[in-house]
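[1] sequence unknown, structure follows:
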């Protein structure tokens, strides 16, 4: 018995939060937002698409850097207002700053400590033509 | 060298998305939102507090069920607009429907498939006095 449910885009003004997790390691890589177009493109291509709030446009993750996210599994939460993508992160880094995960700062008693080192140099990956 | 950064509550109208992950297993449990009061209470008590969008009030997770989330680690993302909480989930279930994780539905070719079984009976845990 399968449920026929549609993710709710109305809770955050047309945007569905998507948590992105590395399918192999379980590391949480990033949070992004999908509009309905991004959701449909993700289902169709099995590569993660989001809505860029800063650029106000469809965002094929990795379209510039080549570091696409191949979607292995899609999970929906109880309220149908958040999705969890389990992905294979091509290039080994999800963050535009070159870190494997966007969550590279840990709270300590005296501030935020940067964890680990970048996998790639953003200036090299995003160099202008 | 530690960074002094404040999470950004302005990107989503005063709310900071918080991804909640089981510290021991790596399972993603839920997504919730914090306003500044919830953030401060979480830091002070080391138990997760959120802002309930449906009830429009501070929400001490587990305050009703006893299933609090003991915060082990707090991570901040590159843009400082999302946090990741690694928690010990008391009672073994984060979802109000009794499942360990709110993400208990997986997308298949013919709809959403429910994964696993509830850890507790919501009607028992949230019974009215």
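    Happy to help now that I have it. Not measured: the values here are computed from a predicted model.
[2] name the element residue A:74 belongs to?
    strand A:69-76 (DSSP states H and E).
[3] Report the mean confidence score over whichever helix or strand comes after that strand.
    On the C-terminal side of strand A:69-76, the nearest following helix or strand under DSSP H and E is strand A:83-89. For strand A:83-89, mean pLDDT is 98.
[4] Now the helix or strand following strand A:83-89: buried residues?
    As assigned by DSSP H and E, the chain's next helix or strand after strand A:83-89 is strand A:105-108. Residues A:105, A:106, A:107 are the ones in strand A:105-108 that count as buried (16 or more other C-beta atoms under 10 Å in any protein chain shown). (Glycine included, C-beta is placed from N, CA and C.)
[5] I'd guessed the first one sits against residue B:75; true?
    So that's residue A:105. Yes: using C-beta atoms under 8 Å, residue A:105 is in contact with residue B:75, at 6.3 Å.
[6] so what sits against both of the two?
    The overlap between the contact sets of residue A:105 and residue B:75 (C-beta atoms under 8 Å, 6 or more residues apart in numbering or on different chains) consists of residue A:115.
[7] Give the helix, strand or coil label for residue A:40.
    helix (DSSP: H, G, I helix; E, B strand; the rest coil).
[8] outside of the host helix or strand of residue A:58, which residues touch it?
    Secondary structure assignment for residue A:58, by DSSP H and E: strand A:57-60. Strand A:57-60 has contacts (C-beta under 8 Å, 6+ apart) with A:32, A:35, A:37, A:38, A:41, A:47, A:49, A:50, A:51, A:52, A:68.
[9] do stretch A:113-127 as well
    By C-beta under 8 Å, 6+ apart, stretch A:113-127 touches A:64-65, A:67, A:91-93, A:96-100, A:104-107, B:2-3, B:75.
[10] what's the spacing between the strand holding residue A:58 and its chain's center?
    12 Å (C-alpha atoms, centre = their mean, to the nearest Å).
[11] could you say what helices and strands the strand holding residue A:74 packs with?
    If you count contacts as 3 or more C-beta pairs under 8 Å, 6 or more residues apart in numbering or on different chains; DSSP states H and E, strand A:69-76 packs onto strand A:83-89, strand B:105-108.
[12] For residue B:25, which of those is the nearest?
    Ranking these by distance to residue B:25, with C-beta to C-beta as the measure, places strand A:83-89 first at 14.4 Å.
[13] need the contacts of strand A:57-60 in TSV with neighbour count, can you?
    Below are the contacts of strand A:57-60 laid out as TSV (neighbours: other C-beta atoms under 10 Å in any protein chain shown):
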residue	neighbour count
A:32	25
A:35	20
A:37	12
A:38	24
A:41	19
A:47	17
A:49	25
A:50	25
A:51	21
A:52	15
A:68	20
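[14] out of these, who's nearest chain B?
    Checking these against chain B by C-beta to the nearest C-beta gives residue A:32 as the nearest, at 9.4 Å.
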